[in-house]
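Novice: generate coordinates for the sequence data below:
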Amino acid sequence: MFSIVKASKDQARLISNIAKESFLPAHGHSASKKDIDAYVSKSFNEVVFEAELSNPAYQYHLIYYKNQIAGYSKIVFNCPNTNIAAQNITKLERLYLLKEYYGLDLGKVLFDFNVSLSKENNQVGLWLAVWVENYRAIKFYEKVGFQKVGSFDFEISKTHYNPNHILYLKYDSLS
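Specialist: Presented below is the predicted three-dimensional model:
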């Protein structure tokens, strides 16, 4: 019913489209339309994704449901955070699902896949930044065992920053 595949450079346009469609429902109201539009245009364009998909430091994976694209993830191994003493930790930079695939547990499937991949690469935990008003995501991350360890102001534009929680999941805390 679902499959997860590693993304390739030729899927940059697809990932760009998913990013835009996924970001706006969760974050589109977090700043002015002008600031959000500029951020999306700068951060989620095809050229950015082509460059990142060519960089082995970034691990992108696509999740399909009934042979239809449902979302993607992006992780970075060995990505330290000043709020976390542990070394060899993975940053979960994105876990994006298209809205029509909410409620099918695909986010959990993709999350579990990334945790397994991280562990296979000798990582001891996973961290992320999440906007303080992204209640749906925060509820999900707390449910799977993340703990708040810090805060971070995420730059949307030169004049607007969104407050974020830094959340950390230490793998030995998983059941």
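Novice: right, and F111 touches Y96 too?
Specialist: No. Taking contacts as CB atoms under 8 Å, F111 lies outside contact range of Y96: 11.6 Å. Yep, even glycine has a C-beta here, placed from its N, CA and C like the rest.
Novice: shared neighbours of the two, anything?
Specialist: Shared contacts of F111 and Y96 (CB atoms under 8 Å, 6 or more residues apart in numbering): S73.
Novice: write down the beta-bridge partners of W131, one by one.
Specialist: Counting by DSSP bridges, W131 is bridged to N164.
Novice: how far away is it from N164?
Specialist: Remark: distance between W131 and N164 (CB to CB, to the nearest Å) = 5 Å.
Novice: any shared contact partners between the two?
Specialist: Counting by CB under 8 Å, 6+ apart, the residues touching both W131 and N164 are F154.
Novice: strands along the chain, start to end?
Specialist: Using DSSP state E, the strands assigned to the chain run over residues 2-6, 58-65, 68-76, 89-97, 125-131, 147-157, 160-170.
Novice: in the last one, what's buried?
Specialist: Residues of strand 160-170 classed as buried: 160, 162, 164-170 (neighbour count, 16 or more other CB atoms under 10 Å).
Novice: ok, the second one next?
Specialist: Using 16+ other CB under 10 Å as the test for burial, strand 58-65 gives 58-65.
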